[in-house]
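In: mind folding the following:
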Amino acid sequence: MEDQMACVQLELKSLYEKIAENQKVEEALKSTTTKLSTVQWELDLSKSQVQEVEQRLASKETLINELTQELELKSASESKAIKNIAALENQFSSTKEKPSREDISSGRFKIEAG
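Out: Numbering: from 1, shown residues only. Below you'll find the model as predicted:
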C-alpha cells in the first residue's frame, strides 16, 4: 500500500508539474498574442502612412509634370520671341541701311556725309 501511495504521489507531482508548465505556456501564449496584436496595429498604421506618403508623392509628381510642361511652353515661347526680335532687328537694320523707293521719290532721303 505504501508503494501505491508513493506511486500516486509521484503521479500527482507529475500532474502538478504538467499543470504548472501548461499555465506557463498559456501565459506565454497570451503575452505573445498581445504583442502580436500590437505589432499588427503598428503594421496597419504603417501601411496607412505609406499610402498617405504615396498619395502625396503622386500629387507632387503630377505638380512637377504640370510645372515642367508649363516651363517647356514658356521656353518655347521665349525662343520664338527671341527669334522674332532677331528678325525684327535684322529687318530694322536693313531698313535703316536701305532707303525705300518712297523715301527716294519724295525727297525724304538725305545723304549723310561721312
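In: now residue 29: phi and psi?
Out: Here is the backbone geometry of residue 29 (degrees, to the nearest 10): phi -70, psi -40.
In: point to the helix or strand of the protein where mean pLDDT is at its lowest.
Out: Lowest by mean pLDDT, DSSP states H and E among the helices and strands of the chain is helix 101-106, with a mean of 64.
In: let's verify residue 69: helix, strand, or coil?
Out: Look at residue 69: counting by DSSP: H, G, I helix; E, B strand; the rest coil, its state is helix.
In: so what's the residue count around it?
Out: Look at residue 69: counted by other Cβ atoms under 10 Å, it has 10 neighbours. Every residue, glycine included, has its C-beta placed from N, CA and C.
In: could I get the full set of helices for this structure?
Out: Ranges of helices in the chain, per DSSP state H, are 2-97, 101-106.
In: least reliable of these going by mean pLDDT?
Out: Among the helices of the chain, helix 101-106 carries the lowest mean pLDDT, at a mean of 64.
In: okay, which residue is most central for this structure?
Out: residue 57 (2.5 Å; Cα atoms, centre = their mean).
In: quick check: that residue vs residue 88, distance?
Out: Residue 57 sits 46 Å away from residue 88, going by Cβ to Cβ, to the nearest Å.
In: ok, now residue 61?
Out: 40 Å.
In: do residue 73 as well
Out: On the measure of Cβ to Cβ, residue 73 and residue 88 end up 22 Å apart.
In: okay, now residue 70: neighbour count?
Out: 10.
In: what's the local residue count around residue 2?
Out: For residue 2, using other Cβ under 10 Å, the count is 6.
In: got it, and residue 94?
Out: Residue 94: 9 neighbours (other Cβ under 10 Å).
In: contacts only, for it.
Out: Applying Cβ atoms under 8 Å, 6 or more residues apart in numbering to residue 94 gives no contacts.
In: return the distance of it relative to residue 87.
Out: Distance from residue 94 to residue 87, by Cβ to Cβ: 11 Å.
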